[in-house]
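# With the sequence up front, the predicted model follows.
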Amino acid sequence: MAKNKASEQEDLTKHLRNYLNKAAKEIVAYDLEGDNPTQVRTWIPTGSTLLDYIISNRRDGGIPVGKVTTFAGDPASGKSLLAAHILANTQKMGGVAVYIDTENAADPNFLKQLGVDTRTLTYLQPGCLEEVFENIENIIKAVRAKESEKVVCIVWDSIAGTPTKAEIDGDYDPNSRIGLTAKALAKGMRKLTETLGKEQIALVFTNQLKVNIGTMFGDPRVEPGGKAVPFHASTRIWLTRHEGASGKILDENKQVIGYRTTATTKKSRFGPSPRKCSFDIMFDVRNDNVGVDDEVSWLEAIKSSPEIARAGSWYTITLPSGEKKFQATHFKKLITENSEFKEVVLDILENECSIIRREGNTANDEKETKK
């Protein structure tokens with residue numbers, strides 16, 4: 001009897017989906033066990049393995065294609081740099097990279113140093129917020145008319161730096177156009193969000209953090225532009241640059257060549273939130289060390305693992321070929337030169353950073369967080 005009921009339910013569900021799709025004259029009803037617009041099939045690395053984990057909760061993760069990702073932070077906290085890493089990784093995956101720059105801040109030489117191929121990068125500089133959304137729609141139509149499967153990533157840098165058309169046409173009175181940005185963003189996001197999933201487009205926004213004057217308790221920082229983007233985003237990341245001497249990375253001449261930044265998930269549809277990770281951002285052009293110094297951050301994330309023994313300044317990891325002792329200063333070189341060492345470290349990193357599902361559980365079962 002139970003099998004008959006299940007079979008009847010399945011037949012009725014298929015009939016319902018077919019009827020809805022036929023009535024709409026397009027696919028609007030899906031089977032979530034197969035391909036569907038909400039399924040994330042592709043992830044684009046951010047340049048930081050730790051950040052990839054706290055966003056996607058998976059090895060070889062990153063930002064989700066088909067969704068909206070936002071990076072907000074203080075000035076010089078790494079927002080545009082991470083966006084450039086994402087564009088470079090999109091190109092390495094054979095995809096289409098589009099950079100919408102409303103701050104007139106792009107530096108072609110710096111983009112090249114971060115791995116961006118400027119010859120195949122589409123760079124846009126719209127005049128207003130409404131034009132940004134029009135361009136995004138046109139990009140999607142143009143690319144999908146030619147290529148239906150290629151990875152597409154569109155970066156908008158930045159929301160706070162983009163005026164509305166009414167602001168451009170109006171005067172400089174700050175009170176004369178209150179709320180226009182929020183309204184324009186709300187309309188644009190309502191139009192775009194569904195299309196991103198259907199066409200499998202990764203949309204990345206950067207934004208500033210501003211202080212909400214009058215906040216008495218809690219964090220006074222907010223993302224300008226209203227609540228539409230935070231509402232529609234699947235992942236929201238806040239970046240904070242470490243202040244003081246501990247946050248600066250100096251060369252042998254005591255010159256600043258980098259700094260440490262912390263990323264915090266303010267929202268994630270792929271795991272618990274908030275989660276944090278820290279990594280170094282380098283500007284050591286002379287030694288060709290520019291961008292996220294990824295491997296250096298791994299040791300900090302795994303050093304408390306039971307799979308690593310520590311005695312003073314020495315660490316010991318057990319490899320298939322035997323024990324390997326090292327100091328922190330040797331870690332990055334070992335990762336680069338010893339593939340066996342790197343693979344074991346990545347396994348430990350996965351155990352420390354990912355959410356582990358209990359064996360046999362379904363996607364809706366209880367999750368268990370390690371660490």
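Now that the structure is in, tell me what you want to look at.
# The lengthiest helix in the chain - contacts with which helices or strands?
Ranked by residue count and defined by DSSP state H, the top helix of the chain is helix 2-24. The helices and strands touching helix 2-24, judged by 3 or more C-beta pairs under 8 Å, 6 or more residues apart in numbering; DSSP states H and E, number zero. Just so you know, the C-beta spots here come from the backbone N, C-alpha and C atoms, and that holds for glycine as well.
# any idea where the helices of the stretch 151-300 of the chain begin and end?
Ranges of helices in the stretch 151-300 of the chain, per DSSP state H, counting those that start in this stretch, are 165-169, 180-199, 228-232, 296-302.
# Nearest to T240, out of those?
Ranking these by proximity to T240 (C-beta to C-beta) places helix 296-302 first, at 15.0 Å.
# Quick one: work out the angle between the helix or strand encompassing F71 and helix 180-199.
Assigning secondary structure by DSSP states H and E places F71 in strand 68-73. On the basis of axes from the mean of the first three to the mean of the last three C-alpha atoms, to 10 degrees, strand 68-73 is oriented at 140 degrees to helix 180-199.
# so after strand 68-73, what's the next helix or strand?
helix 79-92.
# Pull the contacting residues for V40.
V40 sits next to 64-67, 270 when contact means C-beta atoms under 8 Å, 6 or more residues apart in numbering.
# Put the alpha carbons of the longest helix of the chain into CSV.
The C-alpha coordinates for helix 2-24 follow below in CSV (Å, rounded to 0.1, in the frame of the first residue of the first chain):
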residue,chain,number,x,y,z
ALA,A,2,2.8,2.4,0.9
LYS,A,3,4.6,1.8,-2.4
ASN,A,4,1.4,2.5,-4.3
LYS,A,5,0.8,5.7,-2.4
ALA,A,6,4.4,6.8,-3.1
SER,A,7,4.0,5.9,-6.8
GLU,A,8,0.8,7.9,-7.0
GLN,A,9,2.4,10.9,-5.4
GLU,A,10,5.3,10.8,-7.8
ASP,A,11,3.1,10.5,-10.8
LEU,A,12,0.9,13.4,-9.6
THR,A,13,4.0,15.5,-9.0
LYS,A,14,5.4,14.9,-12.5
HIS,A,15,2.0,15.7,-13.9
LEU,A,16,1.9,19.0,-12.0
ARG,A,17,5.3,20.0,-13.1
ASN,A,18,4.6,19.2,-16.7
TYR,A,19,1.3,21.1,-16.6
LEU,A,20,2.9,24.2,-15.1
ASN,A,21,5.7,24.2,-17.6
LYS,A,22,3.3,23.8,-20.5
ALA,A,23,1.0,26.6,-19.2
ALA,A,24,4.0,28.9,-18.9
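# So which bits of that helix are buried?
Within helix 2-24, no residue counts as buried by 16 or more other C-beta atoms under 10 Å.
# neighbouring contacts of that helix?
Contacts of helix 2-24 (C-beta under 8 Å, 6+ apart): 27-31.
# So for the next helix or strand along the chain from that helix, mean pLDDT?
The element immediately downstream of helix 2-24 (helix or strand, assigned by DSSP H and E) is strand 43-44. Rounded to a whole number, the mean pLDDT of strand 43-44 is 98.
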